[in-house]
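Engineer: Below are the sequence and a predicted model; questions follow.
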Amino acid sequence: MPNQPIDPAKDQLLDAILPYVAFDGWSASAFDAAVAEVGIAPAHAKTLCPRGAVDLAIAYHKRGDLGMIKALADADLRDMRFRDKVAHAVGLRIAAVDDKEAVRRGSTLFAMPHMAADGAKLIWGTADAIWDALGDTSRDGNWYSKRLILSGVYSSTVLYWLGDDSLDGQATTAFIERRIDDVMQFEKVKASVNKNPLLKPITGPLGRLMSQIKAPSKIPQVDLPGMCKDPE
């Protein structure tokens, strides 16, 4: 799960690989260079990272989630509207990135067809971490819809941010605000539809169906529907 600390030895490898990622991407050659730099036995490195650089790319994303969770815990959100809390959390997740090129290379990696499931799982994990940190208590179908919508907001924000060269990332901040406003408009429309008596024959059964859908139990690495627990 995103709020679990990264193995210290893997953390060392992650720090070591980042300078190589800028040139070679999250590749086997970058992984081998990191292993050599840290001085760890290749067999042990393979145990820590069975998929090599891919596992370190995943660890880098999760490190960002941890940074966001800590920053959000330290932030004073008392006077914020809830939509502003969500926007602030997305902004903190972007701010937790200390190597933009590593994210750019990671986006390329996880856009590959055979890596798409891993990429989706990471984005879902970030959305889940944000909602959990903000105190979400939904356990029905809303649990899924909230994370699905926020996953779309976060993934589109990352792509926008990668091309943002504005001062202090002001354009990205404005982009986040627009996306959150879009989500809020959707929620308003959904609420008005649910209250419309003419649509009750449709919204009634649908609402009962959504209430019967249950959120998954918090078992490590099983938060994304259809994904199995990763091996330790």
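Structural biologist: Thanks, I have the structure now.
Engineer: Report pLDDT for the spatially closest residue to residue 67 that is not a sequence neighbour.
Structural biologist: Nearest in space to residue 67, with sequence neighbours left out and distances taken as Cβ to Cβ, 6 or more residues apart in numbering, is residue 96 at 3.4 Å. Where you see a C-beta, it was placed from the backbone N, CA and C, and this is true even at glycine. The predicted local distance difference test score for residue 96 is 97.
Engineer: do residue 37 as well
Structural biologist: What the model reports for residue 37 is a pLDDT of 97.
Engineer: same check, this time on residue 122
Structural biologist: At residue 122 the predicted local confidence, pLDDT, stands at 97.
Engineer: check contacts around it.
Structural biologist: Neighbouring residues of residue 122 by Cβ atoms under 8 Å, 6 or more residues apart in numbering: 58, 61, 62, 110.
Engineer: biggest separation within those residues, which pair?
Structural biologist: Spanning the widest gap among the contacts of residue 122 are 62 and 110, at 13.2 Å by Cβ to Cβ.
Engineer: sorry, back to before: and the residue nearest to residue 67, what does it touch?
Structural biologist: Residue 96 is in contact with 63, 64, 65, 66, 67, 68, 71, counting by Cβ under 8 Å, 6+ apart.
Engineer: picking that back up, kindly indicate the member of the contacts of residue 122 with the most neighbours.
Structural biologist: residue 58 (25 neighbours; other Cβ atoms under 10 Å).
Engineer: Where does the most centrally placed residue in the chain sit, in terms of helix or strand?
Structural biologist: For the chain, the residue whose C-alpha lies nearest the mean C-alpha position (Cα atoms, centre = their mean) is residue 126; its distance is 2.4 Å. Secondary-structure assignment from DSSP states H and E places residue 126 in helix 116-133.
Engineer: and what of residue 79?
Structural biologist: Taking DSSP H and E as the criterion, no element holds residue 79; it sits outside all helices and strands.
Engineer: Quick check: it vs residue 88, distance?
Structural biologist: Here residue 79 is placed at a distance of 12 Å from residue 88 (Cβ to Cβ, to the nearest Å).
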